[in-house]
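[1] Show me how the following folds:
(2 chains)
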Amino acid sequence: MNILYHVGRYFEFLGQVFGRPERMSLYGRRVAEEIDQLGVKSLGIVALLSVFMGAVITIQTASNIDAAWIPDYVVGFTARQSVILEFSPTIISLILAGKVGSNIAAEVGTMRVKEQIDALDIMGVNSASYLILPKIVAAMLINPFLIVISMFLSIFGGWVVSGLTGVVAPNAYIEGLQWDFDPFTVTYALIKTVVFAFIITSVAAYHGYHTQGGALEVGRSSTTAVVFSSVVILIANYMLTQLLLI
Amino acid sequence: MIEVLGLSKRFGDARVLTDITATFSKGVVNQVIGKSGSGKSVLAKCIVGLHRPDEGRVLYDGRPFHELDLAEKRTIRQEIGMLFQSAALFDSMTVLDNVMFPLRMFASMTAAEMEKRARFCLERVNIVGKDALFPAELSGGMQKRVGIARAIAMNPKYLFCDEPNSGLDPQTSILIDELIKEITEEYGTTTIVITHDMNSVIETGQNILFLHTGRCWWTGDRDALLASDNEELKAFVFASELMRQARKGLLGPA
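    Reported below is the predicted structural model:
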């Protein structure tokens, strides 16, 4: 029953978020600010994780393919498929759910307990739309770029480690990257990314917006936001994979 | 003028407000007083529309707020200025941007006109040269004054102040009280002040409503309050020896 209550209130909240905005010109500026806050400031952690994960995927794949009849380029092929299909869109989105989701829930929750959202409501501003819509739009715009950068850096990390450790010849790795490439896998990854961006921002904002109490409750909202958005991302990941790949 | 007619509100099994009827006049500082938990803040939130009353009506110059559609409610809300207990300034905005915020959202002005209006409001509350500071860089009293400047930026017809003196030193409290009184008389606003501060009540009380156990227990002005025999009111207002002595001094020899 508690879950049903939250689901109903979440959709009611989305109705408010997508309600009539007051001044579109102000929203444009806020979207630009949020792109910087949610996207550009996440670039460092995304880059770091991607390079190392790409390297690890390559070493693990190479070390698990011992059979002489399996060509070396399979390492590059497997690394590419793992990165494009799952690592970049899903794992990076889960990392962003932790970083960006907790940030959104804490920011909006603090505004709630400090009566700043009440102040917006009393002024006649649609507070949910003014605060949340720019975050959702910004994440849906910038996250695909983050994920494409992540794909590139992961594959690059794999190539670097192939040269450094010799687990696979760099030429074979590159041959594997090019072998049997289906461009739809990138489309699939980007569709997932946009859906996950919506989930991360809206679920986190929902928990922040409905915070009641003080600092302790803001912390709780932040944790709950990360847990819920991660679970919803995993469920959505399964559903999208079933829909788009089978 | 704001009229509250038969307003009741409960949260779950707890009845917070019972059949409140009151009139808050224009151009006068109307004060709502009462113990903690007596329902003052809930009454204010019902009046401004943050809570929906279970029963009763709130009329803004005859317009029944809770019966209006969203667009009409927003029109009334744009006529409301509110000073929150915590000032509720937006942390990410400078002082000037905070005051300009309602103008940016609703006013049909050029950017230069908005800035001029915001600077005028800041000067009106004696905040000069602090435009570029953020709320965290201001003292509590300054935050309250910026909150008042933001509340009056749109020339509100109705001004709400939720415990404007809380957390302030006595001198700053008097300044804030005087400022609210001056603005009310200057702009002819209908002002409602929720307060615990008995100094403020004795100094500026023109129309006082005393809430007790969620009911409208007593109404009157400062002189009526001093002369009142209402036991609950006397126990609340003149709780300290200092206030009892002050009462004797103000009433004069019997």
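[2] Get me the contact residues on the stretch 1-150 of chain B for chain A.
    B:48-50, B:73-78, B:80, B:82, B:84-86, B:88-91, B:101-102, B:104-106 (Cβ under 8 Å from any Cβ of the partner chain). (Glycine included, C-beta is placed from N, CA and C.)
[3] then the helix or strand hosting B:N199 to PDB, C-alphas only?
    In this assignment (DSSP states H and E), B:N199 forms part of helix B:198-204. What follows is helix B:198-204, C-alpha atoms only, in PDB (Å, rounded to 0.1, in the frame of the first residue of the first chain):
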ATOM      1  CA  MET B 198       4.700  40.500  23.900                       C
ATOM      2  CA  ASN B 199       6.800  43.700  23.600                       C
ATOM      3  CA  SER B 200       5.700  43.900  20.000                       C
ATOM      4  CA  VAL B 201       2.100  43.300  21.000                       C
ATOM      5  CA  ILE B 202       2.100  46.000  23.600                       C
ATOM      6  CA  GLU B 203       4.000  48.400  21.300                       C
ATOM      7  CA  THR B 204       2.100  48.000  18.000                       C
END
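[4] So for it, what gets flagged as buried?
    B:198-202, B:204 (16 or more other Cβ atoms under 10 Å in any protein chain shown).
[5] who's B:L209 bridged to?
    B:V32, B:T219 (DSSP bridges).
[6] And it, how close does it get to B:S38?
    11 Å (Cβ to Cβ, to the nearest Å).
[7] so what's B:R63 closest to, chain neighbours aside?
    Once flanking residues are discounted, B:R63 sits nearest to B:I76: 6.4 Å by Cβ to Cβ, 6 or more residues apart in numbering or on different chains.
[8] The one you found touches B:D69, doesn't it?
    No. If you go by Cβ atoms under 8 Å, B:I76 and B:D69 don't touch, sitting 11.2 Å apart.
[9] Those two: which is more packed in?
    Between B:I76 and B:D69, counted using other Cβ atoms under 10 Å in any protein chain shown, B:I76 has the larger neighbour count: 19 against 7.
[10] Show me where chain A has its helices.
    Listed in chain order, the helices of chain A (DSSP state H) span A:2-17, A:24-34, A:43-64, A:73-82, A:92-96, A:102-113, A:116-123, A:127-165, A:170-178, A:184-209, A:215-245.
[11] whoops, the stretch 51-200 of chain B was the one
    Residue ranges of the helices in the stretch 51-200 of chain B, as given by DSSP state H, counting those that start in this stretch, are B:70-77, B:95-106, B:111-124, B:140-152, B:170-187, B:198-204.
[12] Report the mean per-residue pLDDT for the first one.
    Throughout helix B:70-77, pLDDT has a mean value of 86.
[13] same thing with the fifth one?
    Confidence over helix B:170-187 (mean pLDDT, whole number) is 85.
[14] Show me the contact partners of it.
    For helix B:170-187, the surrounding residues in contact (Cβ atoms under 8 Å, 6 or more residues apart in numbering or on different chains) are B:27-29, B:83, B:124-125, B:140-141, B:144-145, B:148, B:152, B:155-156, B:159, B:161, B:164-165, B:168, B:189, B:191, B:193, B:197, B:199-200, B:203-204.
[15] The last one too?
    Contacts to helix B:198-204, defined as Cβ under 8 Å, 6+ apart, come from residues B:29, B:31, B:33, B:165, B:170, B:173-174, B:177-178, B:180-181, B:193, B:195, B:208, B:222, B:225-226, B:237, B:243, B:246, B:250.
[16] cool, the third one as well?
    With contact meaning Cβ under 8 Å, 6+ apart, helix B:111-124 is reached by B:95-96, B:99-100, B:103-104, B:107, B:109, B:128, B:130-131, B:146, B:149-150, B:152-153, B:183.
[17] OK, contacts around the residue in the stretch 1-150 of chain B that chain A sits nearest to?
    At 3.4 Å from chain A, B:R77 is the closest residue in the stretch 1-150 of chain B, using Cβ to the nearest Cβ. Contact analysis of B:R77 by Cβ under 8 Å, 6+ apart lists A:121-124, B:48-49.
[18] got JSON lines for these, with pLDDT too?
    Listed next are the contacts of B:R77 as JSON lines, based on pLDDT from 0 to 100:
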{"residue": "A:D121", "pLDDT": "90"}
{"residue": "A:I122", "pLDDT": "88"}
{"residue": "A:M123", "pLDDT": "88"}
{"residue": "A:G124", "pLDDT": "85"}
{"residue": "B:V48", "pLDDT": "91"}
{"residue": "B:G49", "pLDDT": "89"}
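[19] part of a strand, is B:R15?
    Yes. Counting by DSSP: H, G, I helix; E, B strand; the rest coil, B:R15 is found in a strand.
[20] So what does the residue nearest to it when sequence neighbours are not counted look like in phi/psi?
    Excluding the flanking residues, the one nearest B:R15 by Cβ to Cβ, 6+ apart is B:G214, at 6.3 Å. The phi and psi torsions at B:G214 (degrees, to the nearest 10) take the values phi 80, psi 10.
[21] Point out where chain A drops to low pLDDT.
    Within chain A, the ranges that satisfy pLDDT under 70 run A:1.
[22] List, one by one, the residues from it near chain B.
    Residues of chain A lying near chain B (Cβ under 8 Å from any Cβ): A:22-23, A:26, A:110-111, A:114-116, A:118-119, A:121-125.
[23] from those, which is closest to B:K9?
    Among the residues of chain A next to chain B, A:D118 lies closest to B:K9 (Cβ to Cβ), at 16.5 Å.
[24] quick one on the thing from earlier: same list, the helices of chain A, but as CSV with distance to B:A118 and mean neighbour count please.
    Formatted as CSV, the helices of chain A follow (distance: least, Cβ to Cβ, whole Å; neighbours: other Cβ atoms under 10 Å in any protein chain shown):
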stretch, distance to B:A118, mean neighbour count
helix A:2-17, 28, 13
helix A:24-34, 16, 14
helix A:43-64, 36, 18
helix A:73-82, 55, 23
helix A:92-96, 37, 23
helix A:102-113, 21, 24
helix A:116-123, 14, 22
helix A:127-165, 19, 22
helix A:170-178, 57, 18
helix A:184-209, 28, 22
helix A:215-245, 30, 17
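[25] For B:I194, name its beta-bridge partners.
    With DSSP bridges applied, B:I194 shows beta-bridge pairing to B:V32, B:D162.
[26] Quick check on B:L50: phi, psi?
    Note on B:L50: its backbone torsions stand at phi -80, psi -30 [degrees, to the nearest 10].
[27] tell me, how many neighbours does it end up with?
    By other Cβ under 10 Å, 16 other residues sit near B:L50.
[28] Report the separation between B:D13 and B:L70.
    For B:D13, the distance to B:L70 equals 30 Å [Cβ to Cβ].
[29] So which of the two has more stuff around it?
    Ranked by neighbour count (other Cβ under 10 Å), B:D13 and B:L70 place B:L70 first, with 11 against 5.
[30] In contact with that one, which residues are there?
    For B:L70, the contact set (Cβ under 8 Å, 6+ apart) is empty.
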